[in-house]
Structure formats: structure tokens, C-alpha cells
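**Student:** let's see this in three dimensions:
(one chain, ligands or ions: 1)
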Amino acid sequence: MCGIVAYVGYRQASEVIIKGLKRLEYRGYDSTGIALVNGGLNVYKKKGKVSELETYLKGMDLNSHIGMGHTRWATHGEPNDENAHPHYSATRNLAIIHNGIIENYASLRKELTRKGHTFLSETDTEVFIHFIEDIYEKEKCSLDEAVRLALTKVVGAYAIVVMSFENPNMLIAARKGSPLVLGIGKGEFFMASDATPIIEYTNEVVYLNDQEIALVDNGKLTIKNVANLPLTPYIQTVDMELEALEKGGYDHFMLKEIFEQPRSILDCMRGRLDSASNRLILGGLREYIKKLVNADRIMIVACGTSWHAGLVAEYFFEEFCRIPTEVEYASEFRYRNPIIREGDVVIAISQSGETADTLAAIELAKSKGAIIFGVCNVVGSSIPRFTHAGTYTHAGPEIGVASTKAFTAQLTVLNMIALIVAHTKGTITEQKFHEMLVEMEHIPSKVERVLKQNDKIHLIAEEFKDVHNFLYLGRGYNFPVALEGALKLKEISYIHAEGYPAAEMKHGPIALIDNEMPVVFIATKDSSYEKVVSNIQEVKARKGRVIAVITEGDKLIPSMAEFVIEVPATHEALMPIVSVVPLQLLSYHMAVMRGCNVDQPRNLAKSVTVE
Ligand code: G6P
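**Tutor:** Presented below is the predicted three-dimensional model:
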């Protein structure tokens with residue numbers, strides 16, 4: 001949450017920063033601000049999106065080669081101009097941008113207030129910069145030393161950048177628990193929450209580690225840790241195409257990402273799966289495969305859409321590998337003293353690789369001796385660095401806040417992991433293993449076929465766009481798809497939606513059904529098909545309006561449902577990758593018709609780096 005970006009070099013800093021903030025808006029968009037050294041150390045900030053700040057800045061003299069900017073997802077204090085970042089220190093000689101939470105800010109604020117400090121905002125961040133300045137003045141040390149000393153006293157998570165009026169060629173950055181990447185150009189430096197604002201200028205980056213402080217001063221980068229130990233910067237090359245960060249002709253990133261799925265699923269399998277040679281390899285798994293094969297239990301931790309991917313994976317691991325599997329919300333797992341035994345393996349799933357609750361769950365499981373695998377999308381993010389081993393989903397940057405292509409890539413990776421484990425363990429026959437590989441290779445073209453029904457789904461959306469409630473029902477592998485369909489709808493269209501196992505409907509949701517209630521059934525031909533058909537009858541008997549996702553060629557359900565969307569047949573374990581796609585499109589179209597901001601839904605953020 002919160003996006004931060006900073007620049008020092010020969011370009012106009014404001015241009016680099018505004019562009020960078022737009023790339024980072026997926027992290028939060030409650031308010032936006034920038035600081036520049038142009039005459040003085042000047043801060044410009046506004047409630048609202050980056051575009052609102054841009055309008056405000058029109059016509060101003062922003063000439064500066066150094067600056068920093070912030071797009072906020074509010075934690076302390078409501079979204080308004082005062083609480084927006086950057087924040088000044090007491091003398092206004094220093095300014096800070098911050099992503100994270102300073103947990104002991106209240107006691108620091110009290111102490112500083114006693115010393116005569118007054119604060120303009122309610123934020124923990126303003127307290128932080130006052131505290132740094134207080135140390136700077138008291139210790140008469142260098143500014144980076146004052147930042148370091150302050151960091152030894154604060155409790156919580158942070159990625160910060162500090163600028164000063166007296167040192168107009170200096171940026172100081174530090175991280176603990178929130179991501180920060182440094183970009184190294186020729187005669188210029190960048191700092192940002194992820195690599196997306198940087199890659200159009202340079203692909204040489206340094207991922208700052210926890211408790212590290214970076215100082216860029218007069219064209220030189222030095223890194224040390226909070227314990228004052230000098231460190232050698234580890235420069236890496238990022239492999240990201242600029243066009244992956246653009247809408248590419250689509251109206252929204254979400255639509256582009258939905259349509260990218262045939263490609264992203266293929267990318268996810270590329271070089272890993274080849275049915276012709278019966279080959280399935282995940283390099284990241286090799287070293288720990290024995291642990292998984294011999295696991296007494298698999299525990300999956302994740303949040304949001306990634307948690308839904310975990311629920312599907314539970315079926316994979318139990319069906320193919322015969323390993324008892326539990327799926328936990330990361331936020332619950334960490335607060336209930338979970339029992340982790342030797343022989344348990346934890347799999348953490350996360351698109352961003354930065355979700356605070358998932359990271360904390362990993363930390364807890366690690367402290368209890370568990371082996372942790374990560375399934376992440378963002379290369380170089382925190383989770384892949386904290387886990388023992390793992391597999392990237394390689395779906396490419398996902399910018400729309402509602403996750404789509406990351407979900408189908410997660411399912412693809414989790415299925416591959418399960419097949420490798422089952423094959424090594426001998427719980428799947430050779431023939432079945434081969435059939436699954438062949439079928440997986442067909443998934444991209446099957447998803448392509450679903451996308452061809454976009455116009456039909458648009459018409460269905462038209463019919464239901466004004467309703468207030470929606471129910472999604474599915475069984476077996478399609479139950480998590482029902483949850484995901486409902487989540488997609490509520491996230492972006494603000495229509496109340498619930499996902500349920502179809503059979504559970506009788507124990508409550510059925511009371512909601514009347515002639516105004518749309519019920520989406522994910523009713524593809526699988527082992528629970530007949531049962532789901534009965535559930536459809538039950539809804540029909542109560543005059544509910546049925547929309548069904550069915551297998552191509554099904555003649556029965558079309559005679560019962562008001563609307564059907566056909567998807568190609570596949571193995572039931574792979575069906576979620578296919579059957580979720582029409583639900584993504586349905587929620588997308590309804591949200592657009594309702595005038596909602598699809599890519600940046602209210603109150604949400606793509607990367608939730610606070611508890
Ligand atoms: C936020 C996003 C969701 C995402 C969840 C978990 O709520 O809006 O789309 O599923 O975080 O994020 P992760 O990056 O860990 O998958």
C-alpha cells in the first residue's frame with residue numbers, strides 16, 4: 001500500500017515522479033503529493049488521484065532535478081490534503097514519504113509535543129520526520145546518521161525516502177517490511193516501491209533488504225544497515241517490457257489482463273511442461289521436492305484471490321498427492337498459535353509477494369521450523385526472498401486491482417506442483433500424469449474460446465447491472481470459483497455478492513431467493529454435475545434467475561437456465577482456470593456499466609502491505 005517514488009539526476013524530477021506515481025497508483029489512490037527543491041524545499045499535495053495533483057500543478061514552475069512523490073492508501077488519518085505525503089519536519093528543512101506504519105508513533109508524538117513540536121496532520125509519518133530532525137539537531141551528525149539513529153528507535157514497517165533543503169543532491173531511503181527498489185541509471189538514480197516506474201529509464205536495480213539504508217549523495221550510492229555496517233550494493237537486471245505496463249488499446253487494465261490469459265497461462269508453463277517428452281519441471285522445487293513428497297500435511301496461507309487459488313489447490317493436493325491439506329487466511333493463521341509439526345510444509349501464495357499478513361504468516365511458520373514454498377508473481381518481491389523455495393507464476397505485471405491473470409497463473413503453477421509431487425510419490429499413474437500434461441497444454445486455447453463469448457457476456461451484464469445482490473454457487477473444484485466470482489463482482493461493481501458451495505444453499509442462502517435474485521451456477525460437467533442440476537431446480541422452484549456456466553454441448557441446463565455461458569470441456573481439476581474467465585468478464589462489464597472505476601475500485605489497494 002502507498003506508492004513511493006524518488007528521483008535525482010539530470011531530468012525534470014517532477015515529470016519522472018508524476019509518471020512513476022501513475023504506475024504505482026494500483027497501490028493506493030486516496031491522495032498524492034510531491035516534494036521538489038526549486039527555490040526552497042517545496043511540497044505540493046492534494047487529496048485524490050495523481051491526475052488531480054497534475055491539474056493543481058499546471059502552470060507552476062517545477063524546475064528541479066531532485067524530488068520524491070507519494071500516492072497514499074490511508075491508514076492513520078482520513079484522506080485529505082493535510083494527511084497526504086510528503087510531510088515536512090518542524091523547520092521545513094526536511095521532508096519524508098513513507099509506506100508502512102510506525103507503531104510507536106503515539107508515544108513519539110507525545111514526547112515531541114512535550115518538546116514543543118506541533119503537527120499539521122494526524123499521521124505517523126509526520127511524527128517520524130519530526131523525530132529524525134530532532135535527532136539531527138541534537139546529535140549534530142550527518143542526515144543519514146540521524147535517519148539511522150531514528151530507525152533504531154521506531155517500531156513498525158516502513159519504506160521511506162527523506163530529502164533535505166540543505167543537501168539538494170541527496171536522497172536517503174530505508175526499508176523494513178515494505179518494498180523499495182533503487183534504479184541505477186547513468187548519472188541518475190531512482191527509488192520506488194516496485195520496478196515499474198524505473199524500467200523505462202534503466203533495468204539495473206538494487207532491491208533494498210530489510211533494515212538497510214541507501215544514501216545517494218552527489219551521484220554516489222552507498223548502502224549500510226541499521227546497525228551501521230557498510231554493505232555492497234547487489235545490482236540485478238530486471239526483465240520487464242514497458243508495454244506490459246500500458247493498456248495496449250484496451251479501456252482498462254483489467255480487461256487487458258483478462259484477455260492476456262491465454263498468453264499468461266502459456267508463459268507460466270513455458271519451458272516447464274512438455275507433454276511430448278512427458279516432462280514437467282519446476283526448477284525452484286528441485287531442492288525441496290523430498291520435503292513435499294514426504295509431507296504429512298500441507299498448509300496453504302494466502303489472502304484474497306490468492307486464498308481462493310489455495311482452496312482449489314487443496315483439491316489438487318488431496319486428489320493427486322493424497323496429502324492432507326489445509327488452507328488458511330494468512331491473517332487468521334498468525335493469530336491463533338497454529339500447530340506446526342515436523343513434516344508439515346507451508347505454501348504461501350501471493351500475486352504481489354508483499355502482502356503483510358502473508359509475510360507475517362511465513363515468518364511465524366518459519367520460526368516453528370516449517371519449510372516454506374512461495375508461489376508469487378512479482379519477481380524480487382519480499383515473499384520469494386523469505387521462503388525456502390518457490391515458483392514464480394510469470395503472469396507479467398498485473399495492474400488492475402482486481403486480480404485476474406494472476407489467479408489463473410497461480411492455479412496453473414499449483415497444479416504443476418501437485419502433479420510433480422504426485423508423479424514423484426507414485427500417487428498418480430503414468431497414464432493419468434501424461435493425460436494431465438496434454439490437457440494442460442490445451443488450456444490456453446480453451447480460455448481463448450471463452451473470451452470469444454465476450455459479447456454474449458456483455459448482454460448478460462446489461463440485464464443484471466442494476467441488481468443489488470448476487471449469489472454464486474459451485475461444487476467441488478468449482479466452489480472456490482464461486483467465491484472468486486462473487487469477490488470479483490463486489491470488488492469492482494460494489495454489488496453485494498456471496499459465493500457458496502451449491503449444496504450449502506439449503507442451509508441459509510435459499511431464504512434470499514425470489515424472482516429478483518440472480519444466481520450464477522458454475523455447473524460444468526464434472527463429478528457433482530447431477531447434484532448441481534438439482535440445486536438449479538431448487539432455485540428455479542423459488543423463481544430465482546439462473547445464469548449458468550456450463551460445458552459446451554450440455555443440452556439439459558439450457559432448458560432450465562435464463563442465461564448460459566458455455567466453456568470447453570476439460571479435466572475437472574483444470575476447470576477453474578477456464579470457468580473463472582466468464583465470471584471475470586461478467587463483473588468487468590457490470591462495473592463499467594455502473595460507472596465504477598474498474599482498475600481502481602474505492603477503498604481497495606492491490607498490494608496490502610499493512611496488517
Ligand atoms: C488485495 C488485492 C487482491 C489480492 C489480495 C492478496 O486485497 O486487492 O486482489 O488477492 O490483496 O494479495 P496478494 O498480492 O498477496 O496475492
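
**Student:** contacts and neighbour counts: CA atoms only from here.
**Tutor:** Noted.

**Student:** pLDDT wise, what is the closest residue to the ligand within the stretch 501-611 of the chain at?
**Tutor:** Going by Cα to the nearest ligand atom, the ligand is nearest to K606 of the stretch 501-611 of the chain, at 4.1 Å. Note for K606: predicted pLDDT of 72.

**Student:** would it count as being in a strand?
**Tutor:** No. Judged by DSSP: H, G, I helix; E, B strand; the rest coil, K606 forms no part of a strand; its state is coil.

**Student:** what about the closest residue to it other than its chain neighbours, distance to the ligand?
**Tutor:** Among residues not flanking K606 along the chain, V401 sits closest, at 4.7 Å (Cα to Cα, 6 or more residues apart in numbering). According to Cα to the nearest ligand atom, to the nearest Å, V401 and the ligand sit 5 Å apart.

**Student:** check N225 too.
**Tutor:** From N225 to the ligand the distance is 27 Å (Cα to the nearest ligand atom).

**Student:** the residue nearest to that residue when sequence neighbours are not counted: neighbour count?
**Tutor:** Spatial nearest neighbour of N225, excluding adjacent residues (Cα to Cα, 6+ apart): E212 at 4.2 Å. E212 is flanked by 22 other residues according to other Cα atoms under 10 Å.

**Student:** residue contacts, the residue of the stretch 501-611 of the chain closest to the ligand?
**Tutor:** Residues counted as contacts of K606 (Cα atoms under 8 Å, 6 or more residues apart in numbering) are 1, 26-28, 352, 399-402.

**Student:** one more time with 7 Å, if that's ok
**Tutor:** Going by Cα atoms under 7 Å, 6 or more residues apart in numbering, K606 touches 26-27, 401.

**Student:** same check on A605?
**Tutor:** Counting by Cα under 7 Å, 6+ apart, A605 has contacts 1, 26-28, 401.

**Student:** for H252, state which of those residues is nearest.
**Tutor:** Set against H252, the nearest of the contacts of A605 by Cα to Cα is V401 (10.8 Å).

**Student:** so the closest one makes contact with Y26?
**Tutor:** Yes. Applying Cα atoms under 7 Å, one finds V401 in contact with Y26, separated by 6.1 Å.

**Student:** same drill for the two, tell me which one is more crowded.
**Tutor:** The neighbour comparison of V401 against Y26 (other Cα under 10 Å) goes to Y26, with 25 against 22.

**Student:** grab the nearest non-local neighbour of that one.
**Tutor:** Going by Cα to Cα, 6+ apart, Y26 has K606 as its nearest residue, at 5.6 Å.

**Student:** check E52 too.
**Tutor:** Using Cα to Cα, 6+ apart, the closest residue to E52 is K46 (7.2 Å).

**Student:** and T91, how many neighbours?
**Tutor:** 9.

**Student:** next: the one 10 residues further on.
**Tutor:** I101 sits with 23 neighbouring residues when counted by other Cα under 10 Å.

**Student:** got it, and I340?
**Tutor:** For I340, using other Cα under 10 Å, the count is 17.

**Student:** element containing I17?
**Tutor:** helix 13-24 (DSSP states H and E).

**Student:** overlap in contacts of V401 and Y26?
**Tutor:** In contact with both V401 and Y26: 600, 605-606, using Cα under 7 Å, 6+ apart.

**Student:** residue in the stretch 51-200 of the chain nearest to the ligand?
**Tutor:** For the stretch 51-200 of the chain, Cα to the nearest ligand atom, closest residue to the ligand: W73, 12.2 Å.

**Student:** that residue touches T32, doesn't it?
**Tutor:** No. Between W73 and T32 there is no contact under Cα under 7 Å: 9.6 Å.

**Student:** of these two, who's got more company?
**Tutor:** A count of neighbours by other Cα under 10 Å puts T32 above the other of W73 and T32, at 35 against 27.

**Student:** list the residues that contact the more buried one.
**Tutor:** By Cα under 7 Å, 6+ apart, the neighbours of T32 are 45-50, 53, 70-72, 84-85.

**Student:** likewise for P168?
**Tutor:** V37.

**Student:** the helix or strand containing A313 near the ligand anywhere?
**Tutor:** Assigned by DSSP H and E, A313 belongs to helix 304-316. Yes. Against the ligand, helix 304-316 shows contacts by Cα under 6 Å from any ligand atom at 304-306.

**Student:** alpha carbons of that helix, as CSV, please.
**Tutor:** These are the backbone C-alpha positions of helix 304-316, laid out as CSV (Å, rounded to 0.1, in the frame of the first residue of the first chain):
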residue,chain,number,x,y,z
GLY,A,304,-8.0,-12.6,-1.1
THR,A,305,-7.9,-14.1,-4.6
SER,A,306,-4.7,-15.9,-3.8
TRP,A,307,-6.6,-17.6,-0.9
HIS,A,308,-9.2,-18.8,-3.5
ALA,A,309,-6.3,-20.3,-5.6
GLY,A,310,-5.2,-22.1,-2.4
LEU,A,311,-8.7,-23.6,-2.0
VAL,A,312,-8.5,-25.1,-5.4
ALA,A,313,-5.0,-26.3,-4.7
GLU,A,314,-6.4,-28.2,-1.6
TYR,A,315,-8.4,-30.3,-4.0
PHE,A,316,-5.2,-30.9,-6.2
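
**Student:** who touches the helix or strand that comes right after it?
**Tutor:** Next helix or strand after helix 304-316 toward the C-terminus (DSSP H and E): strand 325-329. For strand 325-329, the external contacting residues (Cα under 7 Å, 6+ apart) are 297-303, 307, 310-311, 314, 317-318.
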